[in-house]
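Enquirer: Would you be able to build a 3D model of this:
(one chain, ligands or ions: 1)
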Amino acid sequence: MAKFFGNLHLVLVVGLVAAVAVMLGYGASAPVDTNSVFRWLHAFFGILWIGLLYYLNFVQVPTMPKIPAEQKGAITGHIAPKVFFFFRYAALLTVVTGLVIAFVNGYGHTALTFSGEGSVNMIGLGMWLALIMAFNVWFIIWPAQKKILGIVEASAEEKAAAAPRALAASRTNLLLSLPMLYCMVSANLG
Ligand code: HEM
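Expert: Coordinates of the predicted model:
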């Protein structure tokens, strides 16, 4: 047992097998198609992305000032680079799977241009909010963090300027995540 739970990849494979068993078991009432598989993947990557956003905002950022200087390196050198790897690729895959859902169901363009009925426009708003958030991740937070974490060369001034920029973008995403999630879970377009 300890051996099984000690193996991250094996646990993930068994989770995947369990998901396939559910798909097959309930296939009659919930058909397994592109839509259902991409919704499932979308929720998985969305949770991974927003889960890490909340970890950063609720745990890491408020705790950093309390960590003794000689221990900060464990976060900046080991934890944070891993967090930002999963964070930015989860954001990308959430966008891709979300766009697939919208376009496979034929309302992608209508939603993004707000030219449909109420709930189509509602998912359009959620999509735009999440697109702004993903933009912040890739083009503001990540470039700033690369300087802050020393992944790219940066002067002391550049690092000092990057920190408040990263914080503002991260807090903007925290703020936008609340209305975005409401749109995501309430549009119910099938
Ligand atoms: C640019 C990024 C995103 C796009 C384009 C997008 C797009 C979509 C679309 C088209 C749907 C289907 C809505 C419906 O038919 O009712 C959906 C559902 C959903 N999205 Fe997103 N989304 C994005 C980001 C996110 C994020 C960050 C989360 C965070 C967890 C999220 C969570 C969900 C959930 C839980 C559902 C409901 C799935 C369902 O009811 O089957 N999405 N999204």
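Enquirer: so what's the spatially most central residue of the chain up against?
Expert: Geometric centre of the chain, nearest residue: Trp49, 2.0 Å, by Cα atoms, centre = their mean. Shown in contact with Trp49 (Cβ atoms under 8 Å, 6 or more residues apart in numbering): Phe87, Ala90, Ala91, Thr94, Val137. Placement of C-beta: from N, CA and C, glycine included.
Enquirer: And for Val11?
Expert: Val11 sits next to Phe4, Phe5 when contact means Cβ under 8 Å, 6+ apart.
Enquirer: if we can go back for a sec, which one of the contacts of Trp49 is nearest the ligand?
Expert: When the contacts of Trp49 are compared for distance to the ligand (Cβ to the nearest ligand atom), Thr94 wins out at 4.7 Å.
Enquirer: and the closest one, how many neighbours does it have?
Expert: 24 (other Cβ atoms under 10 Å).
Enquirer: What strand or helix carries it?
Expert: Element membership of Thr94 [criterion: DSSP states H and E] is helix 80-104.
Enquirer: Just the C-alpha atoms of the helix or strand that that helix is followed by, please, in PDB.
Expert: Next along the chain after helix 80-104, taking DSSP H and E as the criterion, comes helix 108-112. The C-alpha coordinates for helix 108-112 follow below in PDB (Å, rounded to 0.1, in the frame of the first residue of the first chain):
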ATOM      1  CA  GLY A 108     -18.100  29.400 -29.500                       C
ATOM      2  CA  HIS A 109     -18.300  32.400 -31.900                       C
ATOM      3  CA  THR A 110     -21.700  33.500 -30.700                       C
ATOM      4  CA  ALA A 111     -20.600  33.400 -27.100                       C
ATOM      5  CA  LEU A 112     -17.300  35.300 -27.600                       C
END
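Enquirer: Check what contacts helix 108-112 and list those residues.
Expert: Identification of contacts with helix 108-112 by Cβ under 8 Å, 6+ apart yields Leu99, Ala102, Phe103, Gly116, Val120, Asn121, Ile123, Gly124, Met127, Trp128.
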